[in-house]
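Peer 1: Got a predicted model here, sequence first, then my questions.
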Amino acid sequence: MTNEELFEQAEELTRVWESLKVSIDFLDAMNAIIKKDVCWANYFFDSHQSSNLENNLANIADTMLKVSNAICPKE
């Protein structure tokens, strides 16, 4: 793998790290809200609004696996 290809993979990891950071910040905020308003948390999950967060985390995992396979295809 060339240095340019490795740089592209590093950029991809940076993008998904930023997405992961948004998810972590969201979970931190939700934790604070849940401590004050349990009903809001029940509504959030019962109405399936959490699916965006779940999809985001799944996309991060998929991207990380693709980057890992691109860097080390035999592992």
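Peer 2: Alright, I've got the coordinates. Numbers count the residues shown, from 1 in each chain.

Peer 1: Go through the longest helix belonging to the chain and flag the buried ones.
Peer 2: Under DSSP state H, the helix in the chain containing the largest number of residues is helix 3-36. In terms of neighbour count (16 or more other C-beta atoms under 10 Å), helix 3-36 has its buried residues at 9, 13, 16, 20, 30. Placement of C-beta: from N, CA and C, glycine included.

Peer 1: Could you do stretch 51-70 as well?
Peer 2: For stretch 51-70, by 16+ other C-beta under 10 Å, it's 56, 60, 63, 67.

Peer 1: If you average the pLDDT over that stretch, what comes out?
Peer 2: For stretch 51-70, the mean pLDDT works out to 92.

Peer 1: So what does residue 72 have for phi and psi?
Peer 2: phi -130, psi 80 (degrees, to the nearest 10).

Peer 1: Distance of it relative to residue 13?
Peer 2: For residue 72, the distance to residue 13 equals 14 Å [C-beta to C-beta, to the nearest Å].

Peer 1: Could I get the buried residues of helix 3-36 in CSV, plus columns for distance to residue 52 and pLDDT?
Peer 2: Listed next are those as CSV, based on distance: C-beta to C-beta, whole Å; pLDDT from 0 to 100:
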residue, distance to residue 52, pLDDT
9, 26, 94
13, 22, 95
16, 16, 95
20, 14, 95
30, 12, 84
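
Peer 1: closest to residue 44 among the residues you listed?
Peer 2: Among these, residue 30 lies closest to residue 44 (C-beta to C-beta), at 7.3 Å.

Peer 1: Leaving out sequence neighbours, find the closest residue to the closest one.
Peer 2: Among residues not flanking residue 30 along the chain, residue 41 sits closest, at 6.9 Å (C-beta to C-beta, 6 or more residues apart in numbering).
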